[in-house]
Structure formats: C-alpha cells, structure tokens
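[1] Quick one, structure for this:
(chains A and B)
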Amino acid sequence: AQKITQTQPGMFVQEKEAVTLDCTYDTSDPSYGLFWYKQPSSGEMIFLIYQGSYDQQNATEGRYSLNFQKARKSANLVISASQLGDSAMYFCAMREINTGTASKLTFGTGTRLQVTL
Amino acid sequence: DVKVTQSSRYLVKRTGEKVFLECVQDMDHENMFWYRQDPGLGLRLIYFSYDVKMKEKGDIPEGYSVSREKKERFSLILESASTNQTSMYLCASSLRGQTSNQPQHFGDGTRLSIL
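    Next up is the predicted model:
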C-alpha cells in the first residue's frame, strides 16, 4: 500500500486565489511527521512546512498552511493568495519515528500546480 | 543556510560506463541520502548514510552503490550504467536524531542521461 498518496497529478489556480493540494498518508506509527516540499522547474527541492503527529494546531508558514485531519490521515497544503511564482511541483512526505530509520522520508508522487493570470 | 552541492547539473554517459555522482554538504549533517526522481513516481530512496562509512539500502538500491569516506561527502556510483538509470538524481542531508521535525535539505539535482 502507498504510504503517501497525492491524487491530483495537476492543478490550475488563478492568481490571488487560494488552492488546496491533497495528501493522504498511511501509517500505524503513532509518532510521525509530515512535510511539504516545492520543486520549481529549476529542480531544487524547497522545504515549505512541517506538521507533527502530536501537534495540536495546524502548521502555518506565511501563505502556506496545513489542514491536518489526523483521524482521516490527511495533511492537505493550502496556499493562499497564489502567485505566479507558486507554479511548481509540490511533494508531500512522511517520516515515521518508531518504525524503521527515523530519518527516512517517504514521498508522494507530487502535484504540479500552475498559477494562471 | 544549509548548502548541499551536487557536482553536475547535467551528465551524459554511455551504457556500461561506471558513473560517479558526488554530493557535498557544509552543515555537518550526519545523514545523507540519494534519491532518484522519475515522472509519476515521485522521489524514491536509493541509499542513505547515517555516519561515515555507514550505509543502508533504500527502496531501489539495485544497480547502485555508495561511498561515504568523509562526513561531508556522499557519492553515488552506477557500477555499469544502463539506459533505465536515465533519471534525475537528488542528494539530501539532515541532522540525525529522533526529533521528527528536521527537514532534509536538497541539492539542485543531476539530470543523468545514459545513451
């Protein structure tokens, strides 16, 4: 079974609108962390935001926020006020603390976001 | 800022060649990783290392080996390159420890073509 599922291969959003990128995960480890990365066409992976499994509040970083629904095992990324520079691939990833090696990340297949005028 | 540097952005090699991809990080991170990225498959872990001379297989180690002789440098080796190893290769590093919030920091990637 896929540990990280991103069901949207591609998304379009108009400039200045908000967009939600979906991520669901599968783990039996009670202690885990969820990460979102952005990959522009130039190729570098940029860390955006982190959510821990025990965090009570949804994570926020500037225009990025994470809609964390633990019971549903979802960690959707919300980008508010989209900008043209947000056009990129976005990856969701998970680290399981108690199972396997704590430092490993498992990545989803990514969502390509296109911001239009 | 953490800097992870991969030796080449683009590389073209021939089948059967031995290929070396080099990665250097400047933040004294214990952990280093090699991934390959293919369309529709996301990032898949090839090998990782949590200390000098220590390595562990990731999800797709076949056809690859690694070397970590110094803490800052992690090399990926394609023993006998094949066309199915044409891909984008990404190196990453992170701090060791049980704290779950440590992100991995990535290099810019190497686009490798095997002809």
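[2] Helix, strand, or coil at the nearest residue to A:Ser87 once chain neighbours are set aside?
    Nearest residue to A:Ser87 in three dimensions, chain neighbours excluded: A:Val115, at 4.9 Å (CB to CB, 6 or more residues apart in numbering or on different chains). Where you see a C-beta, it was placed from the backbone N, CA and C, and this is true even at glycine. Following DSSP: H, G, I helix; E, B strand; the rest coil, A:Val115 is assigned to strand.
[3] beta partners of A:Val115?
    A:Val13 (DSSP bridges).
[4] Can you tell me how far it is from A:Pro40?
    12 Å (CB to CB, to the nearest Å).
[5] When the two are compared, which one has more neighbours?
    A:Val115 (20 against 13; other CB atoms under 10 Å in any protein chain shown).
[6] Okay, now the unreliable bits of chain B?
    Scanning chain B for pLDDT under 70 picks out B:1-2, B:97-100.
[7] Go again with 90.
    Chain B contains residues with pLDDT under 90 at B:1-2, B:27, B:40, B:50-51, B:53-54, B:95-103.
[8] where do the contact lists of A:Val115 and A:Pro40 overlap?
    Residues touching both A:Val115 and A:Pro40 (CB atoms under 8 Å, 6 or more residues apart in numbering or on different chains): A:Ser87.
[9] re earlier: can you tell me how far the residue nearest to A:Ser87 sits from chain B?
    21 Å (CB to the nearest CB, to the nearest Å).
[10] just the strands in chain B please.
    Applying DSSP state E to chain B gives strands spanning B:4-6, B:10-13, B:19-25, B:31-38, B:42-51, B:54-57, B:64-70, B:73-78, B:87-94, B:105-106, B:110-114.
[11] can those strands go into a markdown table with extra columns for distance to chain A and mean neighbour count?
    Putting the strands of chain B into a markdown table (distance: least, CB to the nearest CB, whole Å; neighbours: other CB atoms under 10 Å in any protein chain shown) gives the following:
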| stretch | distance to chain A | mean neighbour count |
| --- | --- | --- |
| strand B:4-6 | 9 | 20 |
| strand B:10-13 | 10 | 13 |
| strand B:19-25 | 13 | 20 |
| strand B:31-38 | 5 | 23 |
| strand B:42-51 | 4 | 20 |
| strand B:54-57 | 7 | 14 |
| strand B:64-70 | 14 | 16 |
| strand B:73-78 | 13 | 20 |
| strand B:87-94 | 6 | 24 |
| strand B:105-106 | 4 | 23 |
| strand B:110-114 | 8 | 19 |
